[in-house]
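Enquirer: Quick one: sequence and predicted model below, then my questions.
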Amino acid sequence: MTRRLLGSLIGVVAVVLLALVGNLSAGNEIALGLDLQGGVSVTQEPVGEYNSESLDVAVERIRERVDALGVSEPEIIRQGDAVVVNLPGVDNQDEAIRLVQVTGAVLLRPVVSASPISPGAGVPETEAPATGSTPDTTAAPGPSRSIPGATTPDTAPDTVPDTTPEATSETLATDSASPSDAEPVDSVADTADDSVPPTGSDLPPASEFADVAAQPISSDPNDPTASVIVQNIDGTEIYQLGPAFATGEVFNSDATADIIQGGWGVRVTLKRGSGGEDLWNIGASQCFSGTGSCPTRRMAIVLDGVVQSAPTVNQPSFSGGVDITGNFKESEAKDLARVLKSGALPVRLEVQAVQTVSPTLGEDSLRATLVAGLIGIALVLLFMILYYRTLAIVVVGGLVVSGGILWNVITFLSASSGLALSLAGAAGIIVSVGITIDSYVVFFEKLKDEVKAGRTLRNSAERGFKSTWRTIVAADTVSLLAAFTLWYLTVGSVRGFAFFLGLATLTDLVVAWFFTRPAMMLLARSGRVGRRGAFGIKVAPGGAS
Amino acid sequence: MTTSHRSSLGRLFHGETAVDFYGRRRRGFTVSLVLLVLSVVSLFARGLDLGLDFEGGVAWQVPATASMDADIARDVLRENGLDPANAKIQKLSNASEETIRVQVADQPADVVDAVQKSLAEAASVSSEDVSVTSVSSSWGRAITEKAIRALVIFLVLVTIYISWRFEWRMAVAAIAAMAHDVVISVGVYSVLQFEVTPATVVAFLTILGYSLYDTIVVFDKVQDNVKSFSGTRMPIADIVNVSTNQVLMRSINTSVSSLLPVLSLLILGSGVFGAVTLREFAIALLVGMLTGAYSSLIVATPLVALLKQRETKYASLVGPHSTGDTLRAMVVSGLPTGVRATRRAEATDGGPSSGGSDTATAVLTHPPRPRKKRRR
């Protein structure tokens, strides 16, 4: 037992030290946020025609692009017409430009194959970059969008569900996940009241509709001429898509979310002529027939490498407008409408200026925060030493170990994922010292009770830790719940906060179990603490009572 | 506390306090209610002062000449009656030029013009070289909406968790205490008209987390005691009082440990070093942590007692609860003596002093009952 405790103690210290050496030798440093360190500021201005929707969508896309982990807290503002993006922790100006340039173009691509992403089932059939590790996959499978019979003049409502499971079962066969239920499938139907005769066969099979399965897959998801592998917006499905046959510009800029056949859907009209309706119908007929390029009969609406919706095409030809129905929630329908609206007239942003930007707070603030924080922590330690005397050794050791863990994780993520520590984050960490200390206070107070009840220190340490651990786990679970929900569902500084809260809480648990527990038990066994009358209480001279 | 040979501080240190939290709950509730009403009234009447990041504002851009830097820009703002602490002042630079960007919340046109003129003067350039543009909020509606949705989901999850780990009554009390803390902290911002920044939002979230954390630690003790007193006929008021007194020292220690860094940020950071941005952040945290620790003991725990009193088991036990030395004896031993507990059920007088001495001796003669060992 003693050996195991010692092992845990040495193990945790060794791991922290090794990581420290690794980080130091790799030259990793903590990247500080815009307020503390400044960064690179890129000013982009829209050129040509655009609407306010497309600018909004572009701003959102930029945010998602630059904030992959969600904790670098970029600042995105609209200054007049220009979009200003301030990026923390980026030294390279070219990299900054690459990050902030979004096209906002919506591509329409045929779905070659689709498979659901099931958590734990590994990466499905196709090797998709990062699908296994994205947080999306751990979420519950998204809302199952079965098709609620999209009625069209020439298609009976109940024929629609028939076609779809058949169409998708092919791709599901390779996967162990349950078919069709979790399969989000939307459907596209014509809004025109006059029935349109299926004329797909006369349409010229466009040359770009060659056998796409054989084509090489491009690593750039925005390349319209290549096949790509991308996920849908919920991260529940992954698709292999053929080359785009059209862009969102085939639509008029009038997409609206509406109740269509009793459920939320999106209604949009097509532009007249060769740049609109005709182009759309080439793709639609191809998908409706389910041949070579579009075996799944589904057409994906893709924005910046993410499938927004992949409805099954219910008609070979459309005139006037398109209805997209499915089991949408109101918000999902509205989002899709907004994407289509912006895709109809994508904003073209041109980089006007790239500048380095100084921190908003200035060095004196940073220094003041650091000095004040360190003095604060020193005061806490002083308080612990005065109050708990010898036992404070464990607190000091524990704080050093948690400090080491935090430093390692933050530096590593700064270097690898663009994490940047803002003032709020730094203050959050200082505050978390309070919660870390709380674990010790709960433990030591419990210990005091046990010792007062006449138990030996050794016995008390074991019993005390057991009950303390339950308390810590209960309280930390609440913090972790908060951290996880906020991190997963929010953006910007709230997400940054959630990240540091979660990190500090996990560190608290790790240190309590791997450091405090063995340190305290070993200390209790050595008998040194007991003899000096820790906490000013006489310990029973020996033997369990 | 008359018969004690220890000072009250010593009692605190040795965990021998006997504060009748439950009996004095009305006083605590009244204080909280007054604070809550003040906060809510102020929120409706005065609202919050949302800063640049939420509401957008105006930006000046001035060439960074030899006579122009961030500090001078701050002076210019001060001369024009604007608080530089609420402004964002940045230096933008690339190979060819350097500019200073000054952003503040929306201002009337004459102020905008005046600042433009003063900035031009300070930089010794003409007014036309100082550009004025409006800036949008960097926070964005999407962030608020997502944050609110996430909070609602979190509250549902945490209610489920506390109901499962403890019981639904505690979930209700914990959420109530948390709402109490957050409303009062936000109220302070409204009363003092501090400008709300993203850092403030983070501070409020910190308070939310801290409040729940602190309450859970106290509830864990209550639940422990509910279990260990389950064989007796102890009124819930006693159980709650014993638990609160047992965790009192821990609550004070933890609060001191959490507040020391915050106080240091407030006094040293903003006072001595003059980092004004820290001031409001630190004040928000200070208020939040104080109410967080306060509400766990004074609001949440008595609330649980009130809710639990409706349970059939405790409904029959409502009656005078122990105070003074009787309470102290239970706090110290963590046990009701069997004698006393049964006698209590019949006794109607419940004199604290006589009962107290009984208990004290009983406690001293009984060693702690060994706990059942769970699986090893």
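Expert: That came through, no problem.
Enquirer: doesn't residue B:259 make contact with residue B:290?
Expert: Yes. Residue B:290 is in contact with residue B:259 according to C-beta atoms under 8 Å; the separation is 7.4 Å. Backbone N, C-alpha and C define where each C-beta goes, glycine included.
Enquirer: Looking at those two, which one has more neighbours?
Expert: Per other C-beta atoms under 10 Å in any protein chain shown, whichever of residue B:290 and residue B:259 has more neighbours is residue B:259, with 21 against 18.
Enquirer: State the helix or strand in which the more buried one lies.
Expert: Per DSSP states H and E, residue B:259 falls inside helix B:236-264.
Enquirer: Okay, buried residues for that helix please.
Expert: If you call a residue buried by 16 or more other C-beta atoms under 10 Å in any protein chain shown, then helix B:236-264 has these buried ones: B:236-251, B:253-264.
Enquirer: Surely residue B:198 touches residue A:492?
Expert: Yes. With contact defined as C-beta under 8 Å, residue B:198 reaches residue A:492; the gap is 7.2 Å.
Enquirer: Need the overlap of contacts for the two.
Expert: Common contact partners of residue B:198 and residue A:492 (C-beta atoms under 8 Å, 6 or more residues apart in numbering or on different chains): residue B:139.
Enquirer: what are the ranges of the helices in the stretch 201-350 of chain A?
Expert: A:279-289, A:330-344 (DSSP state H, counting those that start in this stretch).
Enquirer: Residue B:88: which of those helices is closest?
Expert: helix A:330-344 (28.9 Å; C-beta to C-beta).
Enquirer: and the closest one, is it in reach of chain B?
Expert: No. Legend: contact between helix A:330-344 and chain B by C-beta under 8 Å from any C-beta of the partner chain is lacking; minimum distance shown is 9.4 Å.
Enquirer: pLDDT on that helix, on average?
Expert: The average pLDDT for helix A:330-344 rounds to 79.
Enquirer: Just the CA trace of that helix, in PDB.
Expert: This file holds the C-alpha atoms of helix A:330-344, laid out as PDB (Å, rounded to 0.1, in the frame of the first residue of the first chain):
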ATOM      1  CA  GLU A 330     -37.800  26.300 -36.400                       C
ATOM      2  CA  SER A 331     -34.300  27.600 -35.700                       C
ATOM      3  CA  GLU A 332     -32.800  25.100 -38.100                       C
ATOM      4  CA  ALA A 333     -35.100  26.100 -40.900                       C
ATOM      5  CA  LYS A 334     -34.300  29.800 -40.200                       C
ATOM      6  CA  ASP A 335     -30.600  29.100 -40.200                       C
ATOM      7  CA  LEU A 336     -30.900  27.200 -43.500                       C
ATOM      8  CA  ALA A 337     -32.900  30.000 -45.000                       C
ATOM      9  CA  ARG A 338     -30.300  32.500 -44.000                       C
ATOM     10  CA  VAL A 339     -27.500  30.400 -45.500                       C
ATOM     11  CA  LEU A 340     -29.400  30.200 -48.800                       C
ATOM     12  CA  LYS A 341     -30.200  33.900 -48.700                       C
ATOM     13  CA  SER A 342     -26.500  34.800 -48.200                       C
ATOM     14  CA  GLY A 343     -25.400  32.200 -50.700                       C
ATOM     15  CA  ALA A 344     -27.600  33.800 -53.400                       C
END
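Enquirer: In stretch A:240-260, which residues are buried?
Expert: Buried residues in stretch A:240-260 (16+ other C-beta under 10 Å): A:240-253, A:255, A:257, A:260.
Enquirer: chain center to that stretch, what's the gap?
Expert: Centroid separation for stretch A:240-260 versus its chain: 26 Å, with C-alpha atoms, centre = their mean, to the nearest Å.
Enquirer: Would you check how far apart residue B:215 and residue B:158 are?
Expert: 11 Å (C-beta to C-beta, to the nearest Å).
Enquirer: Show me which of these two is the more surrounded one.
Expert: residue B:215 (30 against 22).
Enquirer: who touches the more buried one in this structure?
Expert: Contacts of residue B:215 by C-beta under 8 Å, 6+ apart are B:173-174, B:177-178, B:295-296, B:300.
Enquirer: Apply 7 Å and report the result again.
Expert: Taking C-beta atoms under 7 Å, 6 or more residues apart in numbering or on different chains as the criterion, residue B:215 is in contact with B:174, B:177, B:296, B:300.
Enquirer: Okay, the closest residue to chain A within chain B and residue B:213: tell me how far apart.
Expert: Nearest residue of chain B to chain A (C-beta to the nearest C-beta) works out as residue B:258 at 2.7 Å. Residue B:258 sits 10 Å away from residue B:213, going by C-beta to C-beta.
Enquirer: What of residue B:108?
Expert: From residue B:108 across to residue B:213, the span is 45 Å (C-beta to C-beta).
Enquirer: And residue B:58, by the same measure?
Expert: Distance of residue B:58 to residue B:213, computed by C-beta to C-beta: 41 Å.
Enquirer: neighbour-wise, which of the two wins?
Expert: residue B:213 (25 against 21).
Enquirer: I figured the more buried one hits residue A:481, correct?
Expert: No. Assessed by C-beta atoms under 7 Å, residue B:213 is found out of contact with residue A:481, at 11.0 Å.
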